[in-house]
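Novice: any chance you can model this:
(2 chains)
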Amino acid sequence: GENVEQHPSTLSVQEGDSAVIKCTYSDSASNYFPWYKQELGKRPQLIIDIRSNVGEKKDQRIAVTLNKTAKHFSLHITETQPEDSAVYFCAASQDSGGYQKVTFGTGTKLQVIP
Amino acid sequence: NAGVTQTPKFQVLKTGQSMTLQCAQDMNHEYMSWYRQDPGMGLRLIHYSVGAGITDQGEVPNGYNVSRSTTEDFPLRLLSAAPSQTSVYFCASRKLGQGNQPQHFGDGTRLSIL
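Specialist: This next block holds a predicted model:
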């Protein structure tokens, strides 16, 4: 089955700096890679996603890059703000036949220091 | 739309008791799933369903049962609660048949087994 590794597990940055979270996956058939943000005591919420036919996607201060050859993808947050403090999860999934399993990474706790 | 609704939000059980966690969605999503979230372990899939009458096991199914009699509802049953099942449980759903789509999560059920 799919295995997703996520690093680092914790990350502290100064407000205004950039933050990068990296994930690797094992199954070359995975073709969809969402990122979720989870604030303390809340539900995970989708912040950005990327499909395997795209190498990079941006949404304001957030970007995701995908390297299919190396089987890794990364989340980039620029100009970090205190409200970016949360746990971030990457995931990998595939819609192939009747198998629609989503595998999550173990999460990165991001702390933005004012 | 209410999205994904989970009940109860909190529950305390004694070892050996049984209970059902409820999950309902009003988005006509075919795919529904249950995750448990433990510190440092991310989200682990318990069971999932791709439509009414169809269920399958995830990576940690032992001790849990599910059924899917309608598109809207996907209850999770703990047959005989154990302290190891103390966790936060999330239900999620997504649309199928339109390529990869993100999951929508409920607010979670915080379950403690004494």
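Novice: tell me the bridge partners for residue B:36.
Specialist: Counting by DSSP bridges, residue B:36 is bridged to residue B:44, residue B:89.
Novice: and it, how many neighbours?
Specialist: By the other C-beta atoms under 10 Å in any protein chain shown criterion, the neighbourhood of residue B:36 contains 22 residues. The C-beta positions use only the backbone N, C-alpha and C, and glycine is treated the same way.
Novice: how far away is it from residue B:43?
Specialist: Taken as C-beta to C-beta, to the nearest Å, the spacing of residue B:36 relative to residue B:43 amounts to 8 Å.
Novice: mutual contacts of those two, please.
Specialist: Counting by C-beta atoms under 8 Å, 6 or more residues apart in numbering or on different chains, the shared contacts of residue B:36 and residue B:43 are residue B:90.
Novice: once you drop chain neighbours, what's closest to the closest residue to chain B within chain A?
Specialist: Closest contact between chain A and chain B, by C-beta to the nearest C-beta, is at residue A:32 (3.3 Å). Excluding the flanking residues, the one nearest residue A:32 by C-beta to C-beta, 6 or more residues apart in numbering or on different chains is residue B:100, at 3.3 Å.
Novice: ok, the nearest residue to residue A:49 once chain neighbours are set aside - contacts?
Specialist: Closest residue in space to residue A:49, ignoring its immediate chain neighbours: residue A:34 at 4.0 Å, by C-beta to C-beta, 6+ apart. Shown here is residue A:34, whose contacts under the criterion C-beta under 8 Å, 6+ apart are A:46, A:48-49, A:90-91, A:93, A:102, B:102-103.
Novice: select only the buried ones of those residues in ChimeraX?
Specialist: Provided next is the ChimeraX selection string for whichever of the contacts of residue A:34 are buried by 16 or more other C-beta atoms under 10 Å in any protein chain shown:
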select /A:48,49,90,91,93,102 /B:102,103
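Novice: ok, of the contacts of residue A:34, which one's closest to residue B:2?
Specialist: Taking C-beta to C-beta as the measure, residue B:103 is the one of these closest to residue B:2, at 16.1 Å.
Novice: in the strand or helix carrying residue B:11, what counts as buried?
Specialist: For residue B:11, the host element (DSSP states H and E) is strand B:10-13. Going by neighbour count (16+ other C-beta under 10 Å), the buried part of strand B:10-13 is B:11, B:13.
Novice: neighbouring strands for it, and are they parallel or not?
Specialist: Those paired with strand B:10-13 in the sheet (DSSP bridges) are strand B:109-113 (parallel).
Novice: pull out the buried residues from the partner strand.
Specialist: Buried residues in strand B:109-113, counted by 16+ other C-beta under 10 Å: B:109-111, B:113.
Novice: and what of stretch B:58-65?
Specialist: B:58, B:60-61, B:64.
Novice: those: which ones sit near chain A?
Specialist: Restricting those to those within reach of chain A (C-beta under 8 Å from any C-beta of the partner chain) leaves residue B:58.
Novice: would you turn the buried residues of stretch B:58-65 into CSV with secondary structure?
Specialist: Compiled in CSV, the buried residues of stretch B:58-65 are given as follows (DSSP: H, G, I helix; E, B strand; the rest coil):
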residue, secondary structure
B:58, coil
B:60, coil
B:61, coil
B:64, strand
